[in-house]
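no FASTA, just this:
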């Protein structure tokens, strides 16, 4: 029962959550008592979670940048954001 | 072992001084005195060395870390070294000015302990009148400053019926996360085990409450549940393996694979006064003692879970079986599992008095 993500929302990393590049481990998401490895797709999404871009804009950008099917990108982005919102790492 | 992976987390026990005296404190019975504490420059070097070694997060803990007059300078240094900084506090000596200074220094997160939702009972457990009201005020200030807040609630027999109110209180206080953590029976909690240990029926109810509240509060608060040790059939993967991810520096500078490791006799702990953190992580005898799987006897060595739970907890193996190399007796495959079952089944009688955490208890008895 994943909550729907509003396409007009402007996601951003919540305070206390940091995306960091580590020389040995690649990109990681640091949060209270959590260290998550971010896969390349997640990194591209998270870099754009700046509180300015809307979910729609993020999807559009990624679909163009990676010449990918827009609907599939939208599905991936929404699933990731819903998961991170439930974990209280991203605000929507 | 030269192939030791880089650690992720550093628990920095800045001091053992604390205004509270909780009977389940994870600090050792023999507490480091103020005169033995590392100075500011040494802690700053430790943070630099930790970051260089690959550590990502540091937990500024104690005792009460804000009892250190240099807490803001230490936080700033750790943050500038690139570490994610987490303050683990009782909240007793914190106010808005100190929180503003810590936030400005780069603090990432605050974890605040609470003892109960009933103020009088909370104060009784903490051993300090007025503690609960002060914590509520501090929680409000943490949220007002904009820092993310986690509530840590240690669960035991006298507050296990309060899990739902504890979660609701954390939501009301603006916390983003709560740790509902059963007491783990080492050090002070082991001393007080008879007064703290819940019954099996209480634990079943607690688990159900957590599941129900997780569903209800999804997206509002994250509920992390630390299961009780004595009631399982498989041991916890303690520290995710000895010397694999974490290290702990005591107030006086000894470096331990976990905060309870000094309960195992005969281990040679090196100190940051004599060695670099990298040297200690990679070469010190205490870290080498239980790294990997080569040290394991049966039933662990041939077990297909040996790289999943790493044989459980070394400290618990020692405390309950007399040999730290044994399988953690929480494991049903342990020859000593009956000991754990007997303790878990031992119906508690009338409430027993707590032995409160204090300095000098080891000598005085």
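All right, it came through fine. A quick note: this is a predicted structure, and the numbers were derived from the prediction, not measured.

Does residue B:50 touch residue B:57 like I think?
No. In this structure residue B:50 lies outside contact range of residue B:57 using Cβ atoms under 8 Å: 9.6 Å. Placement of C-beta: from N, CA and C, glycine included.

what sits in contact with each of those two?
Common neighbours of residue B:50 and residue B:57 are listed as B:10, B:83 (criterion: Cβ atoms under 8 Å, 6 or more residues apart in numbering or on different chains).

Chain neighbours aside, what residue packs nearest to whichever residue of chain B sits closest to chain A?
Relative to chain A, the nearest point of chain B is residue B:148 (3.4 Å; Cβ to the nearest Cβ). Setting aside the residues directly before and after it, residue B:148 is nearest to residue A:16 in space (Cβ to Cβ, 6 or more residues apart in numbering or on different chains), at 3.4 Å.

So the one you found belongs to a strand, correct?
No. The assignment for residue A:16 by DSSP: H, G, I helix; E, B strand; the rest coil gives coil, which leaves it out of any strand.

Can you name the residues that contact it?
Residue A:16 sits next to A:31, A:32, B:108, B:109, B:147, B:148, B:176 when contact means Cβ under 8 Å, 6+ apart.

give me every residue that touches residue B:275.
Neighbouring residues of residue B:275 by Cβ under 8 Å, 6+ apart: residue B:284.

returning to that earlier point: weed out the non-buried ones from the contacts of residue A:16.
Buried residues within the contacts of residue A:16, counting neighbours by 16 or more other Cβ atoms under 10 Å in any protein chain shown: A:31, A:32, B:108, B:109, B:147, B:148, B:176.

out of the contacts of residue A:16, who's nearest residue B:186?
Closest to residue B:186 out of the contacts of residue A:16 is residue A:32 (23.7 Å), distances taken as Cβ to Cβ.

Surely that closest one is in contact with residue B:151?
No. Counting by Cβ under 8 Å, residue A:32 sits too far from residue B:151 to count as a contact (11.1 Å).

so what sits against both of these two?
B:111, B:177.

Helices of the stretch 1-150 of chain B, start to end?
Listed in chain order, the helices of the stretch 1-150 of chain B (DSSP state H, counting those that start in this stretch) span B:40-53, B:71-80, B:96-105, B:119-126, B:131-145.

Name the residues of the longest one that are buried.
In this case it means helix B:131-145. Counting neighbours by 16+ other Cβ under 10 Å, one finds that the buried residues in helix B:131-145 are B:131, B:132, B:134, B:135, B:136, B:138, B:139, B:141, B:142, B:143, B:145.

Would you convert those into CSV that also reports distance to chain A and pLDDT?
Below are the buried residues of helix B:131-145 laid out as CSV (distance: Cβ to the nearest Cβ, whole Å; pLDDT from 0 to 100):
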residue, distance to chain A, pLDDT
B:131, 23, 98
B:132, 23, 98
B:134, 22, 98
B:135, 18, 98
B:136, 20, 98
B:138, 17, 98
B:139, 15, 98
B:141, 15, 98
B:142, 11, 98
B:143, 11, 98
B:145, 10, 97
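
Can you name the residue of chain A nearest to chain B?
For chain A, Cβ to the nearest Cβ, closest residue to chain B: residue A:16, 3.4 Å.

Tell me the confidence at that residue?
On pLDDT, residue A:16 comes in at 95.
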